[in-house]
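Enquirer: With the sequence up front, the predicted model follows.
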Amino acid sequence: MAEKILYPTFGVLLVDDELPWLRSLSMTLEGPGGISNLIQCNDSRKAMDFLATREIGLVLLDLTMPHISGEQLLERIVAEYPQVSVIILSGMNQLETAVNCMRLGAFDYFVKTVEEGRLIEGVRRAVRMIELEQENRAIRQRFLDDQCSSHQAFAQIVSQNAAMCARFKYLEAVAPSNQPILITGESGVGKELFARAIHDLSKKTGILVSVNVAGLDDNVFADTLFGHVKGAFTGADTPRKGMIESAGNGTLFLDEIGDLSPVSQVKLLRLLQESEYYPLGSDQPKQMSARVVVATHADLDKKMASGEFRRDLYYRLISHHVHIPPLRDRKDDLTLLLDHFLTQISLKLGKKKPTPPKELAVLLSTYSFPGNVRELEAMIYDAVSLHDSKTLSMKSFLERIGQQGEPALLDPAPVSENPFSGLEELPTLTQASQLLVDEALQRSAGNQSIAARLLGISQPALSKRVKQNRS
């Protein structure tokens, strides 16, 4: 028998002396509302005991009860459990009472006869607010620790870079949430590895299901996510589960979300808003319990400005956002990554791990890596494939980076201004030449071959200039 999925992670306590109303409210919240972590209490005298012994985040409190009234309980809950939110439910629409309850600290106030949809939305709003408060507390606590996370979930993401460590801590704090997470970053930075880390950290009982949505037309997108029933369209001879159902109480990872068509964007937005979907050809809704993680290398701000990406969908997806820095911004990880890939690739190819020359890390540090970690891995794979001696050859790296005097760029952005334009007094050609040579040697850790590549001249020409500068 499948384990019952409880949402939210904290308990929602329903306090009312009328058992039929308690049962009705529970069915409403658990069915259309998708809120299943419910605890019923029909005796107001026992409500504080539940708060003392259970992890309660939200209380739905009847106003008129024997023994202890709703207003009295509200005052006690606010005083003793300020982190718990309270929604008041009353059988009468009394403005003065509602205002007084809000002053005492209630999160919201509803009349029992209010339409079902408004009540569900009010409870969902309270749940989302509590989740955000819990995540903010967790984030603050994580950032008090200045150590890089050693959690097993990040084992495949090789880094000790400070910016990456900050992202690890952030993800540890927000991963248990059910809100979507947006992962951005250039191609090759490892967005799918981050999605897997989020899934592992969430401790969800379902699986991680990955879908690359780039190039999917609207019908294929709907069928892939929602599935279909038999006879839904020509050729649908058997029913098919969608990826949402396959993920179960796990994680649905949608890669390249920036390439999603406008029609499919609307479908995804409705899914996130309602947490339910219809398999193609069915009029029976299904509840989504999977957590949605999306990724893109595209600039969504530009896409929104041009009308290619919906702003309302963007604001749904960006509840949590992690941007992965490009490899050129974390050059301090190059030595770690080099060792990691040499070990991994040598094992895969059945070769003894070669020793990299000292100059290799310096050479790599002068390159901008437009393909990021994926490009570095491909470079090392090529070098290890050709390797047949104890020390790894630098030949294939030089060929990849550009051996014919092509300078390796530290910053791929074009220089838009003349660096000398703001100077009152121009340096002489000799002075400018010396400054360039000194900077190239500093960036190359004194290696003249690499410095020559940075300057776009031959190594003998650089050697001659160095001698001239010293004389």
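Expert: Now that the structure is in, tell me what you want to look at. Numbers count the residues shown, from 1 in each chain.

Enquirer: When you work out contacts or count neighbours from here on, use the C-alpha atoms and nothing else.
Expert: Fine.

Enquirer: Quick check: residue 183 touching residue 296?
Expert: Yes. Between residue 183 and residue 296 there is a contact at 6.6 Å, judged by Cα atoms under 8 Å.

Enquirer: Compare those two and say which one has the larger neighbour count.
Expert: residue 183 (25 against 21; other Cα atoms under 10 Å).

Enquirer: tell me which element the more buried one is part of?
Expert: strand 181-184 (DSSP states H and E).

Enquirer: quick one: buried residues of the helix or strand following that strand?
Expert: For strand 181-184, the following helix or strand on the C-terminal side (DSSP H and E) is helix 191-202. By neighbour count on 16 or more other Cα atoms under 10 Å, the buried set for helix 191-202 is 191, 192, 194, 195, 196, 197, 198, 199, 200, 201, 202.

Enquirer: Mind listing residues that contact helix 191-202?
Expert: 153-154, 156-157, 171-172, 175-177, 183-185, 208, 250-251, 253, 255, 293, 295, 324 (Cα atoms under 8 Å, 6 or more residues apart in numbering).

Enquirer: 7 Å - rerun?
Expert: Residues outside helix 191-202 that contact it (Cα atoms under 7 Å, 6 or more residues apart in numbering) are 153-154, 157, 171-172, 175-176, 183, 208, 251, 253, 293, 295.

Enquirer: What strands line up against the first helix or strand past that helix going along the chain, and which way round?
Expert: As assigned by DSSP H and E, the chain's next helix or strand after helix 191-202 is strand 208-212. Its sheet considered, strand 208-212 pairs with strand 251-255 (parallel) by DSSP bridges.

Enquirer: any idea which helix or strand comes after the partner strand?
Expert: helix 262-274.

Enquirer: and that following helix, how far out from the chain's middle?
Expert: Per Cα atoms, centre = their mean, to the nearest Å, the displacement of helix 262-274 from the mean C-alpha position of its chain is 19 Å.

Enquirer: Mind checking the pLDDT average for that helix?
Expert: Across helix 262-274, pLDDT averages out at 93.

Enquirer: So which bits of it are buried?
Expert: By neighbour count with 16+ other Cα under 10 Å, helix 262-274 contains the buried residues 264, 265, 268, 269, 271, 272.

Enquirer: Next: stretch 350-359.
Expert: 352, 353, 354, 356, 359.

Enquirer: swap in stretch 329-339?
Expert: Within stretch 329-339, the residues scored as buried using 16+ other Cα under 10 Å are 330, 331, 332, 333, 334, 337, 338.

Enquirer: what do you get for stretch 212-232?
Expert: For stretch 212-232, using 16+ other Cα under 10 Å, the buried residues are 212-214, 218, 221-229, 232.

Enquirer: what does stretch 436-448 give?
Expert: Using 16+ other Cα under 10 Å as the test for burial, stretch 436-448 gives 437, 438, 440, 441, 443, 444, 447, 448.

Enquirer: low-confidence ranges in the stretch 101-250 of the chain?
Expert: The model of the stretch 101-250 of the chain has pLDDT under 70 over residues 140-147, 149-150.

Enquirer: That one: strands as residue ranges?
Expert: Assigned by DSSP state E, counting those that start in this stretch, the strands in the stretch 101-250 of the chain fall at 108-111, 181-184, 208-212, 227-228, 240-241.

Enquirer: Let me have those strands in CSV, extended by distance to residue 313.
Expert: Listed next are these as CSV, based on distance: least, Cα to Cα, whole Å:
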stretch, distance to residue 313
strand 108-111, 27
strand 181-184, 11
strand 208-212, 18
strand 227-228, 22
strand 240-241, 25
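
Enquirer: Please identify which of those strands is closest to residue 76.
Expert: Comparison of the strands of the stretch 101-250 of the chain against residue 76 by Cα to Cα identifies strand 108-111 as nearest, at 16.7 Å.

Enquirer: Starting from that closest one, tell me which strands it pairs with and how they run.
Expert: In the sheet, strand 108-111 lines up against strand 85-90 (parallel) (DSSP bridges).

Enquirer: Pull the residues that contact the partner strand.
Expert: Strand 85-90 is touched from outside by 57-63, 106-112, with contacts defined as Cα under 7 Å, 6+ apart.

Enquirer: quick one: which of these is nearest to residue 465?
Expert: residue 57 (71.1 Å).

Enquirer: so that closest one, which of the three states?
Expert: Classification of residue 57 by DSSP: H, G, I helix; E, B strand; the rest coil places it in strand.

Enquirer: who touches it in this structure?
Expert: 10, 11, 12, 84, 85, 130.

Enquirer: now, which of the buried residues of stretch 350-359 lie within helices?
Expert: Using DSSP state H, the subset of these located in helices is residue 359.

Enquirer: for the buried residues of stretch 350-359, which one is nearest residue 399?
Expert: residue 359 (15.1 Å).

Enquirer: leaving aside the residues next to it on the chain, what's closest to the closest one?
Expert: residue 447 (7.4 Å; Cα to Cα, 6 or more residues apart in numbering).

Enquirer: Residue 335 now?
Expert: residue 361 (6.3 Å).

Enquirer: tell me which residues of the helix or strand that contains that neighbour are tucked away?
Expert: Using DSSP H and E, residue 361 sits within helix 358-365. Across helix 358-365, burial judged by 16+ other Cα under 10 Å covers 359, 360, 361, 362, 363, 364, 365.

Enquirer: As a check, name the ranges of all helices in the stretch 301-450 of the chain.
Expert: Listed in chain order, the helices of the stretch 301-450 of the chain (DSSP state H, counting those that start in this stretch) span 311-317, 334-349, 358-365, 372-386, 395-401, 429-443, 448-455.

Enquirer: right, and those - which one's nearest residue 42?
Expert: helix 311-317 (36.8 Å).

Enquirer: okay, the closest one in CSV with CA atoms only?
Expert: Taking C-alpha atoms only, helix 311-317 is exported to CSV below (Å, rounded to 0.1, in the frame of the first residue of the first chain):
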residue,chain,number,x,y,z
ARG,A,311,5.5,37.5,-16.6
ASP,A,312,2.8,35.7,-14.5
LEU,A,313,4.5,32.4,-15.1
TYR,A,314,7.9,33.9,-14.3
TYR,A,315,6.7,35.1,-10.9
ARG,A,316,5.3,31.7,-10.2
LEU,A,317,8.6,30.0,-11.0
